[in-house]
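*Asks:* this is a predicted model, with the sequence first.
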Amino acid sequence: MAFAVVCSRALVGVAAPLVQVEVHLANGLPQFNLVGLPDTEVRESRERVRAALVNCGFQFPARRVTVNLAPADLPKQSSRFDLPIALGILAASGQLTDSALHLYEFAGELALSGALRTVRGALPMAVAVGKDGRKFVLPSDCAEQGALARSAEIFAAGHLMEVCRHLSGERLLSPLHVELKTQEEADYPDMAEVRGQLQARRALEIAAAGGHHILMAGPPGTGKSMLAARFPGICPPLDPQEALEVAAIRSAGEESFSTAQWQRRPFRQPHHAATVAALAGGGPRSAPGEASLAHGGILHLDEMAEFSRNALEALREPLESGVITVSRAARKITYPARFQLVGTMNPCPCGFYGQPSGSCKCSQQQVDRYRRRISGPLMDRIDLILDVPSLSAWEIRQNREGEASAVIRKRVGQAMQRQKERQQQSNARLPVDALSRHVVLDGPGQDMLFRAATRFSLSARAVHRILRVARTVADLRGDARVSVADLAEAISYRGWSCREAQPGSLVF
C-alpha cells in the first residue's frame, strides 16, 4: 500500500498539538508536494529528506510523492517534521515496515548525511506525547529535555539509520532515563557582600518570602543593581511541578536549555532598549518574551524608567493575571508569565535629584517626564516601593558583612512553607476573597489602614497589596495573626505613594 501515517507534534506556545504526517505515493511524473500550511523551514525539508534518504542507502521513490501535515489549518513551523516525513516515505514505499509506527511519535531535523539534529520544544512535546500514551523518538542532543516528562517513554537517536533499525527490530534503542537532581545551592552572588542598606535588604526578604513585586529607586552607586543581582540567591529552589513548567517554556524558546539546571529559578535581565515583542513575546515565530522566560523566577528591569512606555505597559496584565497573550492575525498564543518584577531606577535622568550636593542639573519638566514613563496603573501593581539612599561615609567605612544569602533563604523557605500549608499558594497570589480569611485585622489595625487609604488616596488594589505584604511580614515572624506593626511596615513600603512630599523624596 503506497500510503503511511506517522505522528509528530507541532509547537504552539507551550502547547504541542498532534500532527499526522500523511504520505501518499501515486503514479505519474516524479514530484514531491508538501501541503498542510507549512512555513519556509518546513518546505525546505523536501531537499533535506531526499538527500538524507539517498545518503543512507535508501531509494527515493521515483513517483508522485504527496505529504500532508494534518490538520491543514494549523501553521507548521520548524524542521522537526524532517524525521517523520522521511519515515513516512520509507513506510509508504515498502522500505520500512510500518507495523510499529502507530506506537511512536517522532521529531527531529535531518542533516544531509542522515544525522539527527536538535529541535525546539522537546519537553512540551514529550508531555503531550505522554498524555496520548505513545512513545517518543527524539534526537540525542535534546532527548534529555524530553525525559524530564516522566509520563512519556523517550528514545534518543543520533541518526536516521538508528531509528530504522529500531523500528525493524534489528537493533533496539534503550529508553532514556534522566536522574533529576535537586539543586539546593546556586552560584548566585552572596547577599553578605552588601554593606548597609538594611531597609532594602529587609524589603527584598519580604518580596522573596511572599512572591511580591518590588521597585527600588535611588541615586547611582547606592547598590540597587547589586541587591537585585543577589535576590535570586535568597529565593528557595523551584518545586518539581514549578520546575517542569519553567523548563517547558525554556525548551520552547530560542535559547539553549540545560537539564542540569532544571530547578534553577530563572533570572532575566533585558536591556532597557528591549522592544514590546522582546518583553511580551511575538515576532515571526510568536516566541515567548522575557516576561514568559522569567515565569517562576525574577524579571529584573534595571534602569526601569529608561524602558519605553509601551514596553512597560505590556507588563501590566501579566503582573496581575500571570499569563500573557500574543495575538496575531492568524492565531492567538497564551504563555504563562507569573514572575516577580524587581525594578531599579534613578530619581531623574542624571540620577542625582534631591541629593544634598545639589549636583542635579535636570529641570523639573525633565524630572516629571522621566517619572511619567512608569504609569500610575503599573506602579499600583507593584507591592513594595522604596528609596535606596546613598551610603554615608560612616557606613562605607564600616567593613561589616551582612547576613549571608543562605541564612536569609532559610527564613524565606520557612515563610513560604507556612503559606503553602495554609493556603496552597504564595501570599502575592492570594485572591481578594481569601484576604478576609487569612488577614484578620483588629480595631487599631483597621483604623490604621483606613487612615492610610484616606490620607494617601490609595486604590482598592493598593490596599489589597498592602494586606498581602502584611501577611508575609507576619509569616516571617512565624505568627498566624497580622499585627499592627506588620501592617505599619507594609504601608511604609508603598514608598512614594505613602509619604509626605519632602525635599529629596520621590513622590509620583
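*Replies:* On my side now, so go ahead.

*Asks:* next, count neighbours for residue 274.
*Replies:* Residue 274 has 16 neighbours, counted by other CB atoms under 10 Å. Just so you know, the C-beta spots here come from the backbone N, C-alpha and C atoms, and that holds for glycine as well.

*Asks:* what's the answer for the one 3 residues further on, then?
*Replies:* Applying other CB under 10 Å, we find 16 other residues in the vicinity of residue 277.

*Asks:* that one belongs to a helix, doesn't it?
*Replies:* Yes - looking at residue 277 with DSSP: H, G, I helix; E, B strand; the rest coil, it is inside a helix.

*Asks:* how close does it get to residue 13?
*Replies:* As judged by CB to CB, to the nearest Å, residue 277 and residue 13 stand 15 Å apart.

*Asks:* same deal with residue 141?
*Replies:* From residue 141 across to residue 13, the span is 23 Å (CB to CB).

*Asks:* of these two, who's got more company?
*Replies:* Ranked by neighbour count (other CB under 10 Å), residue 141 and residue 13 place residue 13 first, with 23 against 16.

*Asks:* excluding residues flanking it in the chain, which one is nearest that one?
*Replies:* Once flanking residues are discounted, residue 13 sits nearest to residue 333: 4.1 Å by CB to CB, 6 or more residues apart in numbering.

*Asks:* and if you look at residue 303?
*Replies:* Spatial nearest neighbour of residue 303, excluding adjacent residues (CB to CB, 6+ apart): residue 272 at 4.8 Å.

*Asks:* next, residue 354: secondary structure please.
*Replies:* At residue 354, secondary structure determined by three-state DSSP is coil.

*Asks:* that one: how many residues sit nearby?
*Replies:* Residue crowding around residue 354 was assessed by other CB under 10 Å; the count is 18.

*Asks:* phi first, then psi, for it.
*Replies:* Dihedral pair for residue 354: phi 80, psi 10, per degrees, to the nearest 10.

*Asks:* pull the number of nearby residues for the closest residue to residue 259 other than its chain neighbours.
*Replies:* Among residues not flanking residue 259 along the chain, residue 144 sits closest, at 4.7 Å (CB to CB, 6+ apart). By other CB under 10 Å, the residues close to residue 144 number 21.

*Asks:* so after the helix or strand bottoming out on mean pLDDT in the chain, what's the next helix or strand?
*Replies:* The least trusted helix or strand in the chain, going by mean pLDDT, DSSP states H and E, turns out to be helix 393-397, with a mean of 68. Helices and strands here follow DSSP states H and E; after helix 393-397, the next one along the chain is helix 405-423.

*Asks:* please name every helix or strand in contact with that next one.
*Replies:* Counting contacts by 3 or more CB pairs under 8 Å, 6 or more residues apart in numbering; DSSP states H and E, helix 405-423 is packed against helix 198-210, helix 432-438, helix 460-477.

*Asks:* follow-up on the earlier one: do you know the pLDDT at the residue nearest to residue 13?
*Replies:* Listed pLDDT for residue 333 reads 84.

*Asks:* would you map out the domains in this protein?
*Replies:* As assigned by automatic domain parsing, the chain contains the domains 3-168, 200-498.

*Asks:* hey, least reliable of the ones you listed by pLDDT?
*Replies:* Looking at the domains of the chain, the lowest mean pLDDT belongs to domain 200-498 (a mean of 87).

*Asks:* could you tell me how far that domain lies from the centre of the chain?
*Replies:* Chain-centre distance of domain 200-498: 15 Å, with CA atoms, centre = their mean, to the nearest Å.

*Asks:* who's in contact with the residue nearest to residue 303?
*Replies:* By CB atoms under 8 Å, 6 or more residues apart in numbering, the contact set of residue 272 is 301-304, 306-307.

*Asks:* output the helices and strands packed on helix 405-423 in JSON lines; the columns should cover mean neighbour count and distance to residue 248.
*Replies:* Output for the helices and strands packed on helix 405-423, formatted as JSON lines (neighbours: other CB atoms under 10 Å; distance: least, CB to CB, whole Å):
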{"stretch": "helix 198-210", "mean neighbour count": "23", "distance to residue 248": "24"}
{"stretch": "helix 432-438", "mean neighbour count": "12", "distance to residue 248": "28"}
{"stretch": "helix 460-477", "mean neighbour count": "22", "distance to residue 248": "28"}
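
*Asks:* export those as TSV, with columns for distance to residue 101.
*Replies:* Shown next, in TSV, are those (distance: least, CB to CB, whole Å):
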stretch	distance to residue 101
helix 198-210	50
helix 432-438	50
helix 460-477	53
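
*Asks:* for residue 359, which of those helices is the nearest?
*Replies:* Closest approach to residue 359 among the helices and strands packed on helix 405-423 (CB to CB): helix 198-210, 22.5 Å.

*Asks:* helix or strand next in line after that closest one, which one?
*Replies:* strand 214-217.

*Asks:* direction included, what does that next one pair up with?
*Replies:* Using DSSP bridges, strand 214-217 pairs in its sheet with strand 340-345 (parallel), strand 384-387 (parallel).

*Asks:* outside of that strand, which residues touch it?
*Replies:* Applying CB under 8 Å, 6+ apart, the contact partners of strand 214-217 are 200, 203-204, 207, 224, 227-228, 304, 340-347, 379, 382-388, 495-496, 506.

*Asks:* hang on, residue 280 packs against residue 313?
*Replies:* No - using CB atoms under 8 Å, residue 280 makes no contact with residue 313, being 9.7 Å away.

*Asks:* and the two? Which one has more around it.
*Replies:* Neighbour totals were compared for residue 280 and residue 313, and residue 280 leads with 25 against 17 (other CB under 10 Å).

*Asks:* next, work out how far apart that one and residue 337 are.
*Replies:* To residue 337, residue 280 is 8 Å away according to CB to CB.
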